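Participant: give me coordinates for this.
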Amino acid sequence: MSWIPEPLRIPAFRAFWLARLTATIAQMAMVIVIGWQVYDIARHTMDPKAAALRLGIIGVVQFAPLFLLTLVTGWTADRLDRRWIARASVFLELLCAVALGAFAWTHTTTLETLYVVAALLGVARAFAGPALGALAPNLVPRDILPRAIALSSIAWQSGAIVGPALGGYLYALAPVAPYAGSALLFAVSLGALVTIPKVAAPGGASEIGAWQQMIEGLRYVRKNRLVLGAISLDLFAVLLGGATAMLPVYARDILHTGPEGLGHLRAAPAIGATLTAAYFAFRPLKTEVGVKMLVAVGIFGGATIVFGLSRWMPLSLACLTLLGAADMFSVYVRQSLIQLYTPDEMRGRVGAVSSLFISASNELGEAESGFLAAFIGPVAAVVAGGIGAIAVVSIWARRFPELRLARSFEPPDLPGAPEQSRET
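Facilitator: Below you'll find the model as predicted:
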């Protein structure tokens, strides 16, 4: 069994991995169908630019709960049992899938219902992100944590491959089918989370109040320039360069591939990301991690530009695959730095801040792309975003020299990297 990656030999991490995989498949299946339904419903009465604006609103609706709840979700992940937070979040997502399935079955789906359910999914993700991110390091020894992070990313990215394609194909069969399938997968995820045994309590008694505890995560990130530079780089690069919000537009009006083609387009970035994460699960990155992350984000921007200009489906898929691989490279480095530089009793709060940045880059990136596309068109919006991502790399390389100087994942004696961050 030596061919099995070391973290997967641990039963609790296997259950965590299965829960993450099945929940992600269900989430991505729902997200792709919600996006298609929003754009399709809007296109019955609107032109493409106005309909793209409605896609942008979906991004805002999903981001708002995370923005409003960041301090609370991080604090709960550091004060409550992280397993139960994750279980409650998955259960809420299961209820959302059942609700959308009922609307689809009765042919009563409206833009308003899609927005409300998207907001509830945002609440679930706001709590699940910090809890799951902080739980994983509790399940494996510190020395194999980078491999566990890569495997966790494989679970997420594999779900991102299967989910969109599954959602597109099932929706082509019947509008209710993807939601029924998602509900079943959420149930499996919930069952896997139930099997994870109790882990050490994330935090002990504190002499400061709850509010001060909540903002400690923000203070830690602000003082640790390496962590701040890594997560803010991702924020602005993906915020500007994210092309995924425009995939329904490309599938319907530019590449003319329909919902099945949309599933392929949505899955392509995840294929590149999964291949990259699989490589790191067996061959962890060890040297020049900061410079390599900056180069990867630059490649992300370049692939976005070419995708925006492409009118040929194979080239579009190739660009999205490369884009996903470059993004996974950056994610792997960023998450490893955050997990290894952060003491366990603060991982929930720091993870919540990181989740806020990630969601801002994804959901607000979708909103930015939708709003910009409403004014200058989808193609120009995607190309401009890719150019912006490359510009961000150049600025951050100068603004945060700590990124360029990061040689490995071992925390050196840097300001903002306390001694506790080097303890197991």
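Participant: all helices for the stretch 201-350 of the chain, in order.
Facilitator: Ranges of helices in the stretch 201-350 of the chain, per DSSP state H, counting those that start in this stretch, are 210-223, 225-241, 247-249, 258-282, 289-309, 313-341, 347-359.
Participant: correction: the stretch 51-200 of the chain
Facilitator: Going by DSSP H, counting those that start in this stretch, the stretch 51-200 of the chain shows helices at 82-105, 111-139, 145-173, 177-194.
Participant: need the winner for burial among those.
Facilitator: Compared across the helices of the stretch 51-200 of the chain, helix 145-173 shows the largest average neighbour count, a mean of 23 (mean count of other C-beta atoms under 10 Å). (Each C-beta comes from the backbone N, C-alpha and C, glycine too.)
Participant: pLDDT below threshold where in the stretch 151-300 of the chain?
Facilitator: 157, 160-161, 200-217, 241-242 (pLDDT under 70).
Participant: number of residues surrounding the closest residue to Pro48 other than its chain neighbours?
Facilitator: Spatial nearest neighbour of Pro48, excluding adjacent residues (C-beta to C-beta, 6 or more residues apart in numbering): Asp253 at 5.4 Å. By other C-beta atoms under 10 Å, 14 other residues sit near Asp253.
Participant: isn't Asp253 up against Asp47?
Facilitator: No - using C-beta atoms under 8 Å, Asp253 is not in contact with Asp47; the gap is 10.1 Å.
Participant: tell me how far Leu92 lies from Ala124.
Facilitator: To Ala124, Leu92 is 4 Å away according to C-beta to C-beta, to the nearest Å.
Participant: wait, Glu112
Facilitator: Distance from Glu112 to Ala124, counting by C-beta to C-beta: 19 Å.
Participant: buried set for stretch 331-338?
Facilitator: Neighbour-count burial for stretch 331-338 flags Val331, Tyr332, Val333, Arg334, Gln335, Ser336, Leu337, Ile338 (criterion: 16 or more other C-beta atoms under 10 Å).
Participant: I should have written stretch 272-279 there, sorry.
Facilitator: Buried residues in stretch 272-279 (16+ other C-beta under 10 Å): Gly272, Ala273, Thr274, Thr276, Ala277, Ala278, Tyr279.
Participant: for the residues you listed, which one is nearest Thr304?
Facilitator: Lowest distance from Thr304 to the buried residues of stretch 272-279 (C-beta to C-beta) belongs to Gly272, with 12.8 Å.
Participant: was I right about the closest one contacting Val331?
Facilitator: No - Gly272 is beyond contact range of Val331, at 11.9 Å (criterion: C-beta under 8 Å).
Participant: returning to what we had before: dump the buried residues of stretch 331-338 into a markdown table; add distance to Pro7 and pLDDT as well.
Facilitator: Formatted as a markdown table, these follow (distance: C-beta to C-beta, whole Å; pLDDT from 0 to 100):
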| residue | distance to Pro7 | pLDDT |
| --- | --- | --- |
| Val331 | 17 | 79 |
| Tyr332 | 14 | 80 |
| Val333 | 18 | 82 |
| Arg334 | 19 | 78 |
| Gln335 | 14 | 75 |
| Ser336 | 13 | 76 |
| Leu337 | 18 | 73 |
| Ile338 | 18 | 73 |
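Participant: right, and out of the residues you listed, which lies closest to Phe307?
Facilitator: Taking C-beta to C-beta as the measure, Val331 is the one of the buried residues of stretch 331-338 closest to Phe307, at 18.9 Å.
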